[in-house]
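Peer 1: attaching a predicted model along with its sequence, questions to come.
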Amino acid sequence: MGVVKLSKAGHEQVAQEIEALAPQSITHFKDGAAAGGTGTSEALANTENVNAGPTGKSSNIHALLNTPGSPPPGPSGSGTKTSNIQSLINYFLMLNSLYYDILILGATGVTGRQTARYLAAHPQQSQFTFSIAGRSRAKLDTLISELSLPNSVPVHVVDVLNFEQVEAVVKKHKVVLTTVGPYVKWGKNVVRACARNGVHYADLTGEQLFVKEIIERYAYIASKTGSTIIPSCGLDSLPSDIAVFVANKVLKEYSRNSEPLQIDSSTSALEFEGVFSNGTVSTVVTAIGSTPSHKLSESLQDHFLSPVSGKPSPAPRLTYSLALPSTLRTVVGGYFLMSSTNKSVVQRSAGLLEYEVLTSTYASGSRAQKDQAKAIRERYGAGMVYEEFLRTNTSFMGALVTLGLFFGLSLMALPPVRWFVGRLGMKETSVIIDKQLAEQGRVKLVNVTIAEPSSAFPKGPVKVETTIAAKGDPGYYLSPIMMAESGLALLLNTSSLPILSSHGRGGVLTPAVALGNVIVDRLREYGGFEIRSELYYDGESRQVNGNGGGNGSGESRKSV
């Protein structure tokens, strides 16, 4: 596998951001502690200890006492130590009243409204605070009234095209959840503000070119400020991403006493019932209407977002099929509109884990050795191939879906067609619609992951069948839940997060790599998701990891 180098434009953008940060103090409040930059570019390289989330109060107090612009420590000399400490305590209490945990940006839209509604009723609501932001104060006030939100919920009027406005609001929070898309038009300032200020970020984008751009511009800076940036935390592309993550976990658990099993192939079949999402419509219209054709072609390439290259996935085809070990039946389908987006995210997860193995080889120290051993156990495998499709009842219907999709995308090259399609999707909101979105619709993903041949398992390939299912409109109800739980994972479960998003490392990551088991457990416990895996291998019937599973005929199985 080869390492993909940062483009010249990416290097220039990073250099500009570092230069912009150099003259100013990089400050952010985390877990009751304040941290300040030194006002030099050298500070950026040392911000892990002061801007990378909960890193301990003592180091942050030390930074505060030695930072220009910090509150004065009080008169020098004996007898002032107690007053200095009290001054710091008062200062932190004052800061605590000015900062909030979660910012919902775009709260008055359909998905933003559902995000606010979900967080307001969350079982852990007493453990966090949130505020809402949008362009219209009147609409924000209406939202508070309709959702019966407390008057104490802060309201921010923000123009996302005005960076100063965005940064002023973002830096008062620990996590930003944004539903303002298309993200290539409206999302860059938000990511930039989060990366510069050590604020975590999650969104619902399905725009590969946007993700590529923020990787090149802000991944390095985010890694230095401890900001974890996670694009694509909704239907695009969290289910696909965590399905492979869970399957890999089962394979590694099953082979824990031998050489770890690596993934050979992984295929997902998806089913949906629900309203055609405005976000998906906007993504497609924007991509086709304003993106050069060579850029679109580039975004469809394998490993477009991955830091390492790998084996190519199968080319798109008229019909698809997938044999399910659980029933010994074959499901069929056609091409899925968002398959290239989801594939890119899964491949980025695989690439980040592979890159971690490669780079940890050169690290030293006991912690580095432990991290390397863990990285080796978590990697998917250099030869993994991933694809997915939209499930249909028959192969004939699958062919019609594929042909209809490609015909429709061809028509989208015409401006009048794009204008018409851009008017589709839901735009109205109400309490009645809120209830309908929760009760109508569903999503189901079935993934079959097959391990590479191994001498430790000579009786045939080891397979894992993973099912992810939930009730509710996929785009408007379930996507906000997935994004909200991603944000809560970053806020409330920091000690349980995987290597790449722990220890204040940050960067532009994926749902699986950044959140790991935490998001799986949260979606099960709070989000109403069914997530289960079954392992199949001839002649075996041992349960893996003991978290339940299904029954049925077919090959012998192990459940997780």
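Peer 2: Yep, that arrived.

Peer 1: going forward, measure contacts and count neighbours with C-alpha atoms only.
Peer 2: OK.

Peer 1: residue contacts, Thr179?
Peer 2: Listed by CA atoms under 8 Å, 6 or more residues apart in numbering, the contact set of Thr179 reads 104-107, 109, 111-112, 203-204.

Peer 1: just the buried residues from these, in ChimeraX please.
Peer 2: To isolate the buried ones among the contacts of Thr179 in ChimeraX, judged by 16 or more other CA atoms under 10 Å, type:
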select :104,105,106,107,109,111,112,203,204
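
Peer 1: I'd like to know how far Leu535 sits from Phe396.
Peer 2: Here Leu535 is placed at a distance of 31 Å from Phe396 (CA to CA, to the nearest Å).

Peer 1: tell me where the stretch 301-450 of the chain has helices.
Peer 2: All helices of the stretch 301-450 of the chain, identified by DSSP state H, counting those that start in this stretch, fall at 339-360, 366-378, 395-411, 415-421, 431-439.

Peer 1: show the model's pLDDT score for Gly504.
Peer 2: The confidence metric pLDDT takes the value 71 at Gly504.

Peer 1: and the chain, what are its domains?
Peer 2: Domain assignment for the chain by automatic domain parsing gives 12-230, 238-475+518-559.

Peer 1: quick check: Pro260 touching Arg379?
Peer 2: No: using CA atoms under 8 Å, Pro260 and Arg379 do not qualify as a contacting pair, with a distance of 9.3 Å.

Peer 1: of the two, who's got more company?
Peer 2: Arg379 (25 against 22; other CA atoms under 10 Å).

Peer 1: need the contact list for that one.
Peer 2: Neighbouring residues of Arg379 by CA under 8 Å, 6+ apart: 262, 350, 353-354, 357.

Peer 1: low-confidence ranges, this structure, go.
Peer 2: Per-residue confidence of the chain (counting by pLDDT under 70) places the weak regions at 1-83, 88-98, 276-280, 282-283, 287, 361-369, 423-429, 431, 503, 539-560.

Peer 1: hang on, the earlier thing: and the contacts of Thr179, which of them are in helices?
Peer 2: In helices, defined here by DSSP state H, the members of the contacts of Thr179 are 111-112.

Peer 1: who has more neighbours out of Leu535 and Phe396?
Peer 2: Taking other CA under 10 Å, Leu535 and Phe396 do not tie; Leu535 has more neighbours (30 against 15).

Peer 1: shouldn't the more buried one be within a strand?
Peer 2: Yes: with DSSP: H, G, I helix; E, B strand; the rest coil as the criterion, Leu535 is assigned to a strand.

Peer 1: wait, doesn't it sit right on Pro461?
Peer 2: No: at 10.7 Å, Leu535 does not count as touching Pro461 under the criterion of CA under 8 Å.

Peer 1: what sits closest to Gln165 if chain neighbours are left out?
Peer 2: Leaving aside its chain neighbours, Gln165 sits nearest to Val158 (6.1 Å; criterion: CA to CA, 6 or more residues apart in numbering).

Peer 1: wait, the one you found touches Val166, no?
Peer 2: Yes: here Val158 reaches Val166: they are 6.4 Å apart, a contact under CA under 8 Å.

Peer 1: roughly how far does Met397 sit from Tyr320?
Peer 2: 11 Å.

Peer 1: need the residues touching each of those two.
Peer 2: When contacts are counted by CA under 8 Å, 6+ apart, Met397 and Tyr320 are jointly contacted by 333-334.
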